[in-house]
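Trainee: Take this sequence and fold it.
(one chain, ligands or ions: 1)
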Amino acid sequence: MLAVDGPSGSGKGTIARQVAELLGWHFLDSGALYRLVGLAALTAEIDFNDTDTLANIALGLEVRFANKGGDERIWLQDREVSAEVRSEAAGAAASQIAPLPAVRAALAQLQRGFRRPPGLVADGRDMGTVVFPDATVKVFLTASLEERARRRYNQLKEKGIDVSLAAVSKDMAARDRRDTERSVAPLKAAADARILDSTDLSPEQVTHQLLDWLKQAGITPKH
Ligand code: DC
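Mentor: Below you'll find the predicted structure:
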């Protein structure tokens, strides 16, 4: 079991997916679960203060992930929701429901169900600290705010979304604050996590470092 945590834009999603693929392990994008609950709340017009209803939605999520050639697809029951989950609206709703303890407890239970042989790579904010405290290897991936904002800005530009770098940076700083300052499961490195700053590293270099740490723990890629 590998836990990869870090702030948004640190590259943890890309890296965690790649490492899971190389190991032939399952992959859990825990942020997508928060986004799905956020989306459900928006769709059904559930108040963000109605914690009981939101926790029940979280417990009952029938979600399925599939990875086709590096392209992650997400289904909720029989409906494909890949694009909706990645929308800014889903991200904003996710960050509103993420501080609710009942929702976090329900999603933690759901997340633990993804741990199956031959192994799991889980990506999020509290994988190593709260959800999988006994993970074999824990990595906390960071990068400077400027670099993370630049990466997100380039991603948005590629998608044809017109934003300014300053706006992306401001938004990211606000999100960092919300994630690190919330009282339940705040974003922080586990005491036994290996911290990696990816500001000046290529994705290949980061993946290589993770594989090295896994090797030290006796875990090697399938090919
Ligand atoms: O990583 P992401 O942008 O998809 O995450 C969406 C939101 O969910 C973000 O505001 C942080 C929150 N989140 C969380 O609180 N705990 C996790 N394990 C994953 C995401």
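Trainee: Sketch out the helices for the protein, chain order is fine.
Mentor: For the chain, helices defined by DSSP state H occupy the ranges 12-23, 30-43, 51-59, 82-85, 88-97, 101-112, 145-158, 165-181, 203-216.
Trainee: what does the longest one contact?
Mentor: Judged by CB atoms under 8 Å, 6 or more residues apart in numbering, the contacts made with helix 165-181 from elsewhere in the structure are 7-9, 95, 98-99, 125, 145-146, 148-150, 152-153, 156, 186-188. For the C-beta atoms, the positions are set from N, CA and C on the backbone; glycine is no exception.
Trainee: how about a cut-off of 10 Å?
Mentor: With contact meaning CB atoms under 10 Å, 6 or more residues apart in numbering, helix 165-181 is reached by 6-9, 88, 91-92, 95-96, 98-99, 125-126, 145-146, 148-157, 161, 163-164, 185-188.
Trainee: Near the ligand, which residues of the chain? Just list them.
Mentor: 8, 30-31, 34-35, 91, 94-95, 98, 124-126, 179 (CB under 6 Å from any ligand atom).
Trainee: let's see 8 Å
Mentor: 5, 8, 12-13, 29-35, 38, 91, 94-95, 98-99, 104, 107, 111, 123-127, 131, 175, 178-179, 182, 185, 187 (CB under 8 Å from any ligand atom).
Trainee: what about the lowest-mean-pLDDT helix or strand in the chain, distance to the chain center?
Mentor: Every helix and strand of the chain was ranked by mean pLDDT, DSSP states H and E. The lowest is strand 63-68, at a mean of 82. Its chain's C-alpha centre and that of strand 63-68 lie 15 Å apart, by CA atoms, centre = their mean, to the nearest Å.
Trainee: For that strand, which residues meet the burial criterion?
Mentor: Buried residues in strand 63-68, counting neighbours by 16 or more other CB atoms under 10 Å, are found at 63, 65.
Trainee: Ok, stretch 43-63 next?
Mentor: So for stretch 43-63, counting by 16+ other CB under 10 Å, buried means 54-55, 57-58, 63.
Trainee: coming back round to it: now the helices of the chain as a markdown table including mean pLDDT?
Mentor: As requested, the helices of the chain are exported to a markdown table (pLDDT from 0 to 100):
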| stretch | mean pLDDT |
| --- | --- |
| helix 12-23 | 94 |
| helix 30-43 | 94 |
| helix 51-59 | 95 |
| helix 82-85 | 92 |
| helix 88-97 | 89 |
| helix 101-112 | 96 |
| helix 145-158 | 93 |
| helix 165-181 | 91 |
| helix 203-216 | 97 |
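Trainee: Of those, which is nearest residue 73?
Mentor: Residue 73 lies closest to helix 82-85 among those, at 4.9 Å (CB to CB).
Trainee: For that closest one, list the C-alpha coordinates in PDB.
Mentor: Presented in PDB, the C-alpha positions along helix 82-85 are these (Å, rounded to 0.1, in the frame of the first residue of the first chain):
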ATOM      1  CA  SER A  82     -15.700  11.800 -15.700                       C
ATOM      2  CA  ALA A  83     -16.000  15.300 -17.100                       C
ATOM      3  CA  GLU A  84     -18.400  16.600 -14.400                       C
ATOM      4  CA  VAL A  85     -16.200  15.300 -11.600                       C
END
